[in-house]
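Asker: let me see the structure of the following:
(2 chains)
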Protein chains: 2
Amino acid sequence: MRIVVLAGGIGGARFLRGLKQAAPDAEITVVGNTGDDIHLFGLKVCPDLDTVMYTLGGGINEEQGWGRLDESFTVKEELAAYGVGPEWFGLGDRDFATHIVRTQMLGAGFPLSAVTEALCARWQPGVRLLPMSDDRVETHVAIEVDGEQKAVHFQEYWVKLRASVDAKAVVPVGAEAAKPAPGVLDAIAEADVVLFPPSNPVVSVGTILAVPGIRDAIVAAAASGTPVVGLSPIVGDAPVRGMADKVLAAVGVESTAKAVALHYGSELVGGWLVDTVDAGAVADVEAAGIRCRAVPLMMTDVEATAAMAREALALAEELR
Amino acid sequence: MRIVVLAGGIGGARFLRGLKQAAPDAEITVVGNTGDDIHLFGLKVCPDLDTVMYTLGGGINEEQGWGRLDESFTVKEELAAYGVGPEWFGLGDRDFATHIVRTQMLGAGFPLSAVTEALCARWQPGVRLLPMSDDRVETHVAIEVDGEQKAVHFQEYWVKLRASVDAKAVVPVGAEAAKPAPGVLDAIAEADVVLFPPSNPVVSVGTILAVPGIRDAIVAAAASGTPVVGLSPIVGDAPVRGMADKVLAAVGVESTAKAVALHYGSELVGGWLVDTVDAGAVADVEAAGIRCRAVPLMMTDVEATAAMAREALALAEELR
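Answerer: Residues are numbered from 1 along each chain as shown, chains lettered A, B, ... in the order given. Next comes the predicted model:
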């Protein structure tokens, strides 16, 4: 079975770990969000790709969900001693090495997809990890500070400001001109199932879909019978992790399992899983033409996550 | 008193620490060798400048003479886990931060002299540290391996090969086209004393002198009465540190205190200190027109080094 998953960072990575357990023989292609990539200290940092790679490769800091296990922060402290920041972004020593290798390879002319493959040669994540695009796309968030409009990098909004101010708009800068990375469209066309994990619908999955060609490829696959199933990142009207409500509001979508399903729409998503606490939304989602089931959606451990993945695959079979 | 010192790495840095103690009120300008600079992992590494900066700023690993105190090697180990080397160059985590800051500033268009000043704002070495040039100069060593001639970067010869093969030639690539960094020629012209510490006469002091204009400026200063005094890096016919004999042989100079003095020549060096074990060389050096004294030249501690610096300054007074 060939499965394509559009993944953001922590949520996507954890879901993938469950999916690998649920479908050990599947060929899984992950299309990773690169809209939250950032240049720091002259280095190219790809937080979502790395979170997937580290999580599936056994190198993740389990507790925080991002960054490396047994991490130290000597380089960052020394940079701060030179007065060089930003201090709000937690780049650890082990992590630095990944960014140094990536930056060197990019500087040598390799595209990000080739670099990601090279990094994965070490981590052996057990999936084919593709960036959504080899072109630079950078998610910016429009905010208002002291009555003044400004746009900040998504990482500054998310990590530094901790989404403490309203997002007026979320703009994947560069997306219009970006091309899907090699292999992305083919993987979607050849997929037996496409899954949207409980990743952020705006700044993770939404950014991937903003790369011209990717949404169309999924719609075309769905139209030709490939089941496309999503899992709600909203449980009980609140995001499971993080501050997804802030960026949902920016695109005029309520923080409910139902609203996110309708935001994707039946053209894109044929099946939708909501948590059991949101069972009341099932009828409304089905009324919109999306097959819907209420199942436990908390990724408390790998077992629970694998059960979610099995439910998603079962719903996909129903749709076939 | 304005003192100009041409410095390499460990020997130069340690001598400078003694000089600062011997002449606490002097304005010391250090012209640092950059011929052993190397690009590693996409970063610009300046070993000699950093050794001076860390030594005088209290950040040096005293025992090995280079690198940072309390250093760790996480980044390097992680790079090796990706298969990225070289492994033979000991870049520590704290040290990495220096090279990241330097590389970013260079990338932003600042010359190395401005970068060095910015780094020294943290370390407060108590001297004005100038690179010999803002232009790239890279010392290469011609060697013969399995009957084949090849040229390797000085660091590869020194650190990886540990000078285990003969050096056929030492070439400061790029020196011909390099200009002295801003301030270097003025500092020499305005100096009350110019000192050559017991640094490597070929790959440290020799490389500095290979930058067009620097040798001429020192010769002109000497001709107009500025004392120029050197300290022998050879004691008892062997280099005090390292493998200086190998690179001396490449330029046809014996590893003796006398031969190094004659290699510099009386036009350049008016005074020369040899160790007491080399007292027999004094007459020969003086016969070549260079005032010579035999004094203890082992930099066993700061006190002993300060005594050496005082002897050098006393000889300078004699020459005035």
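
Asker: which helix or strand in chain A has the lowest average pLDDT?
Answerer: Lowest mean confidence among the helices and strands of chain A (mean pLDDT, DSSP states H and E): strand A:238-239, at a mean of 82.

Asker: contacts for that strand, please.
Answerer: A:200, A:233, A:245, A:255 (C-beta atoms under 8 Å, 6 or more residues apart in numbering or on different chains). In short, each C-beta sits where N, CA and C put it, glycine included.

Asker: what about those residues, which are in helices?
Answerer: Using DSSP state H, the subset of the contacts of strand A:238-239 located in helices is A:D245.

Asker: among the contacts of strand A:238-239, show me the least confident.
Answerer: Least confident of the contacts of strand A:238-239 in the model: A:D245, at 87.

Asker: wait, isn't it in contact with A:S255?
Answerer: Yes: using C-beta atoms under 8 Å, A:D245 makes contact with A:S255 at a distance of 3.9 Å.

Asker: OK, contacts around whichever residue of the stretch 101-250 of chain A sits closest to chain B?
Answerer: Of all residues in the stretch 101-250 of chain A, the one sitting closest to chain B is A:Q104 (4.5 Å; C-beta to the nearest C-beta). Contacts for A:Q104 were tallied using C-beta under 8 Å, 6+ apart; they are B:41-42, B:84.

Asker: one more time with 6 Å, if that's ok
Answerer: B:G42 (C-beta atoms under 6 Å, 6 or more residues apart in numbering or on different chains).

Asker: any idea how far B:A108 is from it?
Answerer: Separation of A:Q104 from B:A108 (C-beta to C-beta, to the nearest Å) stands at 19 Å.

Asker: if you count residues, which strand in chain A comes out on top?
Answerer: strand A:138-145 (DSSP state E).

Asker: what helices or strands is that one leaning on?
Answerer: Judged by 3 or more C-beta pairs under 6 Å, 6 or more residues apart in numbering or on different chains; DSSP states H and E, strand A:138-145 is in contact with strand A:148-153, strand A:169-173.

Asker: got these as TSV, with distance to B:L130 columns?
Answerer: Listed next are the helices and strands packed on strand A:138-145 as TSV, based on distance: least, C-beta to C-beta, whole Å:
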stretch	distance to B:L130
strand A:148-153	37
strand A:169-173	42
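
Asker: any chance of the ones you listed in TSV, plus mean pLDDT, distance to chain B and mean neighbour count?
Answerer: Listed next are those as TSV, based on pLDDT from 0 to 100; distance: least, C-beta to the nearest C-beta, whole Å; neighbours: other C-beta atoms under 10 Å in any protein chain shown:
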stretch	mean pLDDT	distance to chain B	mean neighbour count
strand A:148-153	94	17	13
strand A:169-173	95	22	19
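
Asker: and those: which comes nearest B:R293?
Answerer: Nearest to B:R293, of all the helices and strands packed on strand A:138-145, is strand A:148-153, at 63.2 Å by C-beta to C-beta.

Asker: run the angle between the closest one and strand A:138-145 for me.
Answerer: In terms of direction (axes from the mean of the first three to the mean of the last three C-alpha atoms, to 10 degrees), strand A:148-153 departs from strand A:138-145 by 150 degrees.

Asker: quick one, phi psi at A:V194?
Answerer: A:V194 adopts backbone torsions of phi -120, psi 130, taken as degrees, to the nearest 10.

Asker: which SS state does A:I100 fall under?
Answerer: Look at A:I100: counting by DSSP: H, G, I helix; E, B strand; the rest coil, its state is helix.

Asker: isn't it up against B:F41?
Answerer: Yes: the pair A:I100 / B:F41 is scored as a contact, 5.0 Å apart, by C-beta atoms under 6 Å.

Asker: mutual contacts of the two, please.
Answerer: Here A:I100 and B:F41 have no joint contacts, going by C-beta under 6 Å, 6+ apart.

Asker: up against chain B, what does chain A have?
Answerer: Within chain A, the positions near chain B by C-beta under 6 Å from any C-beta of the partner chain are A:41-42, A:72, A:74-75, A:78-79, A:82, A:84, A:93-94, A:96-97, A:100-101, A:103-104, A:107, A:122.

Asker: count the residues that sit near A:L129.
Answerer: Residues near A:L129, counting by other C-beta atoms under 10 Å in any protein chain shown, number 25.

Asker: SS state for the closest residue to it other than its chain neighbours?
Answerer: Of all residues not flanking A:L129 in the chain, A:V30 sits nearest, at 4.9 Å (C-beta to C-beta, 6 or more residues apart in numbering or on different chains). Judged by three-state DSSP, the three-state class of A:V30 is strand.

Asker: so, low pLDDT: which residues of chain A?
Answerer: Along chain A, segments meeting pLDDT under 70 are nowhere present.

Asker: those strands in it, which residues are they?
Answerer: With strands called from DSSP E, chain A shows them at A:2-7, A:27-32, A:38-40, A:43-45, A:128-131, A:138-145, A:148-153, A:169-173, A:193-196, A:228-231, A:234-235, A:238-239, A:271-274, A:291-294.

Asker: what's next to the fourth one, contact-wise?
Answerer: Going back to what we said before, that points to strand A:43-45. Contacting residues not belonging to strand A:43-45 are listed as A:38, A:99, A:102-103, A:106 [C-beta under 6 Å, 6+ apart].

Asker: nearest to A:A175, of the residues you listed?
Answerer: A:I38 (15.8 Å).

Asker: so who does the closest one touch?
Answerer: By C-beta under 6 Å, 6+ apart, the contact set of A:I38 is A:45, A:155.

Asker: quick check: bridge partners of it?
Answerer: For A:I38, the beta-bridge partners are A:V45 (DSSP bridges).

Asker: hang on, the earlier thing: of the contacts of strand A:43-45, which pair is most distant in space?
Answerer: Using C-beta to C-beta, those span at most 13.7 Å, a distance reached by A:I38 and A:L106.

Asker: A:M1 - how many residues pack around it?
Answerer: Residue neighbour count, defined by other C-beta under 10 Å, stands at 12 for A:M1.

Asker: repeat for A:S224
Answerer: 8.

Asker: look up how far A:A314 lies from it.
Answerer: Distance of A:S224 to A:A314, given as C-beta to C-beta: 21 Å.

Asker: on that earlier part again, reformat the contacts of strand A:238-239 as JSON lines; add neighbour count and distance to A:P239.
Answerer: As requested, those are exported to JSON lines (neighbours: other C-beta atoms under 10 Å in any protein chain shown; distance: C-beta to C-beta, whole Å):
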{"residue": "A:N200", "neighbour count": "28", "distance to A:P239": "8"}
{"residue": "A:P233", "neighbour count": "27", "distance to A:P239": "6"}
{"residue": "A:D245", "neighbour count": "18", "distance to A:P239": "6"}
{"residue": "A:S255", "neighbour count": "18", "distance to A:P239": "6"}
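
Asker: just the contacts of strand A:238-239 now: which is nearest B:D25?
Answerer: Taking C-beta to C-beta as the measure, B:D25 sits nearest to A:N200 out of those, at 62.6 Å.

Asker: residues in contact with A:F196?
Answerer: By C-beta under 6 Å, 6+ apart, the contact set of A:F196 is A:6, A:205, A:230.

Asker: with adjacent residues omitted, what lies nearest to it?
Answerer: Excluding its sequence neighbours, the residue lying closest to A:F196 (C-beta to C-beta, 6+ apart) is A:G230, at 3.6 Å.

Asker: bridged to the one you found, which residues?
Answerer: With DSSP bridges as the rule, A:G230 is bridged to A:F196, A:W272.

Asker: ok, it touching A:V269?
Answerer: Yes: at 4.8 Å, A:G230 and A:V269 qualify as touching, with contact defined as C-beta under 6 Å.

Asker: before I go, just wanted to say thanks for your time.
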